[in-house]
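*Asks:* what shape does this take:
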Amino acid sequence: MPYPVPHGVTTFLPPPKDYVVDFDNPQKRDALKHFLIFGFLGSLAILCLAQRLYTKHFIARGLKIDDVLLIFAWACSIIMQGVQMWSISIGGLCHHAWEMPIDVFEKHMLSSYIAGPVFIICNGLSKTTLLTFYLQISPQVWYRRVIFATIAFVILYTLTIADLLLFGCKPIRTAWDPYRFATGKCVDNAIVYIVTAVVNIISDVILFFILMPMLVHLKMPLGQRIGAGIMFGIASVTVATSIIRMVYLPPLLGAVDIPWIAAPANGWSIVEANLFIICTSMTTLRKFFQHVAPNWMGSSIVYSSEPVPDQSQTNKQKRNHTGHIQHDSVELANYPDAVKHDTL
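*Replies:* Predicted coordinates:
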């Protein structure tokens, strides 16, 4: 199909009436915010991840599968943010579709094609990492079943949404090539993005509440409870960012000026991707500070270097006078920090 050619430059959309097109100085929407968010939260995410890997490798018992999953999640977040920053830098994302050459529009659509599935994979990997951490907290059968069911839910929606975003167009090139839009067929990505936001919110809420029964009933030192509270605070912010991002998605339904309209939601996706990494990396933060600044954490906690006993033999529980469950010392040893109280 023929495309408009304002000022001798082919564009995807014609400019509105009385709009003065300026290819040298186009209007921008939230472009600076994207770079600031990426610079600040991206750096914080790297620091938090480095803290976790240092703690697991040099202080704890070495890296495990959950750390590998988190590394891949971080790599996905960098790819997702990187292609978005690239799109902004070439005049794609955060610009009007009628104020960029059609080849730039095509590159922006290609960056969106890459960023969408990579974002949901980052989401799935980071949440699976956090759920594997939850598995270490208690050997109770019902609790572990809930966690495994949640892992299955996260994996299922991650693979389904990634598949829709990667293979939802026939031919696949229709996803980003404007010269194929008229002849190819695609799923409505705006609907897929809204569904993604909804399942993200559902899984965020599940992650937020799934640990509550154990934190309420498990006897833990004050410092450990404070650390868990901070992690929950960041988790609640993640839920809020998912909701805010979803609010910005409905305008994409039927939209044609996609690079401009998608800018606010993309900004919040960068926030969300980095919070995934930050929140998941905080599970080792208390142990890290116990190592580098022990005076900050107090001296009433002793770490056990003994192997974690078989969980199948440690399901004993006893109730204290408050009615809360007080797990025995073996179950406390199963906590990721292997915490034991002094019996002075």
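*Asks:* phi, psi for Lys185 please.
*Replies:* Note on Lys185: its backbone torsions stand at phi -130, psi 140 [degrees, to the nearest 10].
*Asks:* I'd like to know how many residues surround the closest residue to it other than its chain neighbours.
*Replies:* Once flanking residues are discounted, Lys185 sits nearest to Lys170: 5.2 Å by CB to CB, 6 or more residues apart in numbering. C-beta here means a position set from N, CA and C on the backbone, and glycine is covered the same way. By other CB atoms under 10 Å, 12 other residues sit near Lys170.
*Asks:* low-confidence regions, the stretch 51-200 of the chain specifically.
*Replies:* In the predicted model of the stretch 51-200 of the chain, no residue satisfies pLDDT under 70.
*Asks:* that older thread, next one: phi and psi at the residue nearest to Lys185?
*Replies:* With angles defined as degrees, to the nearest 10, Lys170 sits at phi -130, psi 110.
*Asks:* and what of Cys169?
*Replies:* Here is the backbone geometry of Cys169 (degrees, to the nearest 10): phi -110, psi 140.
*Asks:* now do Phe38
*Replies:* Dihedral angles for Phe38 - degrees, to the nearest 10 - are phi -60, psi -40.
*Asks:* ok, Leu63 - contacts?
*Replies:* 53, 56-57 (CB atoms under 8 Å, 6 or more residues apart in numbering).
*Asks:* run through the residues that contact the residue nearest to Lys185.
*Replies:* Applying CB under 8 Å, 6+ apart, the residues near Lys170 are 184-186.
*Asks:* select the longest helix from the chain.
*Replies:* In the chain, with assignment by DSSP state H, the single longest helix is helix 102-135.
*Asks:* so what secondary structure elements neighbour that helix?
*Replies:* helix 65-89, helix 141-167, helix 189-210, helix 258-261, helix 263-281 (3 or more CB pairs under 8 Å, 6 or more residues apart in numbering; DSSP states H and E).
*Asks:* list the buried residues of the second one.
*Replies:* Under the neighbour-count criterion of 16 or more other CB atoms under 10 Å, helix 141-167 has 143, 146-147, 150-151, 153-154, 157-158, 161-162, 164-165 buried.
*Asks:* farthest-separated two in these?
*Replies:* Taking CB to CB, the two most distant members of these are Tyr143 and Leu165; they sit 33.2 Å apart.
*Asks:* what is the burial count for Ala182?
*Replies:* 8.
*Asks:* what strand or helix carries it?
*Replies:* Using DSSP states H and E, Ala182 sits within no helix or strand.
*Asks:* gap between it and Pro2?
*Replies:* 11 Å (CB to CB, to the nearest Å).
*Asks:* Arg29 too?
*Replies:* Taking CB to CB, one finds Arg29 at 28 Å from Pro2.
*Asks:* who's more crowded, these two?
*Replies:* Arg29 (17 against 5).
*Asks:* a strand runs through the more buried one, doesn't it?
*Replies:* No - read with DSSP: H, G, I helix; E, B strand; the rest coil, Arg29 is coil and lies in no strand.
*Asks:* so what's the spatially closest residue to it that is not a sequence neighbour up against?
*Replies:* Leaving out its chain neighbours, the residue that sits closest to Arg29 by CB to CB, 6+ apart is Ala263, at 4.5 Å. The contact partners of Ala263, taken as CB under 8 Å, 6+ apart, are 29-31, 34, 93-94.
*Asks:* is Pro14 in a helix, a strand, or coil?
*Replies:* Three-state assignment for Pro14 (three-state DSSP): coil.
*Asks:* how many other residues sit next to it?
*Replies:* Pro14: 14 neighbours (other CB under 10 Å).
*Asks:* pretty sure it sits against Pro4.
*Replies:* Yes - with contacts counted by CB atoms under 8 Å, Pro14 reaches Pro4, the gap being 4.0 Å.
*Asks:* residues in contact with stretch 45-60?
*Replies:* So stretch 45-60 is contacted by 62-64, 67, 70-71, 74, 77, 274, 277-278, 280-285, 287-288, 291 (CB under 8 Å, 6+ apart).
*Asks:* which parts of that stretch are buried?
*Replies:* Of all the residues in stretch 45-60, those buried under the rule 16+ other CB under 10 Å are 45-46, 48-49, 51-53, 55-56, 60.
*Asks:* the residues you listed in strands, which ones?
*Replies:* The strands, defined by DSSP state E, take in nothing from those.
*Asks:* ok, so of these, who is nearest Ile270?
*Replies:* Using CB to CB, the buried residues of stretch 45-60 come closest to Ile270 at Ala45, 10.4 Å.
*Asks:* so what pLDDT did the closest one get?
*Replies:* Ala45 carries a pLDDT value of 96.
*Asks:* same question, the one 3 residues further on
*Replies:* Listed pLDDT for Cys48 reads 94.
*Asks:* if I look at it, how far off is Trp268?
*Replies:* Counting by CB to CB - Cys48 and Trp268 are separated by 19 Å.
*Asks:* which non-adjacent residue is nearest Ile191?
*Replies:* Leu253 (7.2 Å).
*Asks:* no further queries at this time; thank you.
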